[in-house]
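> Fold the following, please.
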Amino acid sequence: MQSLIFFSRVAFICNVCFVLVWVMRFYPILKEGQPGDLVSLVLILGVLFAFLLNIAVNAFILAFILQRKPVFKHFPGWLIIANFLFLFPQIILFIK
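Purely as a prediction, here's the structure:
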């Protein structure tokens, strides 16, 4: 259960990077000639890892809820809800 809490927090950080990627689509951060290491990291975390990790974490949490295990006792409620809400736009963008 401790490792799932860790991955749930990492998924939340990746989901924040997902939001930053969408903001960067409309407001480019880099100008020509600047190094883009941080932007590259945010892109990789926000586009690739956010979707994969969020699906895995939400699947495990859903499995625990269906098994009637006390999920909200171990996890913060806002973290479960936030990761679940980030999943909808990620699925829509993946299908698109």
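
> The protein: helices as residue ranges?
2-26, 37-43, 50-66, 71-74, 77-95 (DSSP state H).

> possible to save those as CSV with mean neighbour count and mean pLDDT?
C-beta here means a position set from N, CA and C on the backbone, and glycine is covered the same way. CSV is the format used below for the helices of the chain (neighbours: other CB atoms under 10 Å; pLDDT from 0 to 100):
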stretch, mean neighbour count, mean pLDDT
helix 2-26, 16, 89
helix 37-43, 13, 80
helix 50-66, 17, 92
helix 71-74, 12, 84
helix 77-95, 14, 90
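
> Report the central residue of this protein.
residue 15 (2.9 Å; CA atoms, centre = their mean).

> Do I have it right that that one meets residue 52?
No - counting by CB atoms under 8 Å, residue 15 does not reach residue 52; the two are 11.8 Å apart.

> Pull the contacting residues for residue 74.
1, 5 (CB atoms under 8 Å, 6 or more residues apart in numbering).

> Repeat the analysis, applying 6 Å as the threshold.
Contacts for residue 74 (CB atoms under 6 Å, 6 or more residues apart in numbering) come out as residue 1.

> Repeat that for the one 5 residues further on.
With contacts taken as CB under 6 Å, 6+ apart, residue 79 has the following neighbours: residue 8.

> For it, give its distance to residue 43.
24 Å (CB to CB, to the nearest Å).

> cool, and residue 7?
21 Å.

> now residue 17, nearest residue through space, not along the chain?
Leaving aside its chain neighbours, residue 17 sits nearest to residue 46 (3.6 Å; criterion: CB to CB, 6 or more residues apart in numbering).

> what about that neighbour, neighbour count?
A total of 23 residues lie near residue 46 under the criterion other CB atoms under 10 Å.

> Roughly how far does it sit from residue 36?
The value you get for residue 46 to residue 36, if CB to CB is used, is 14 Å.
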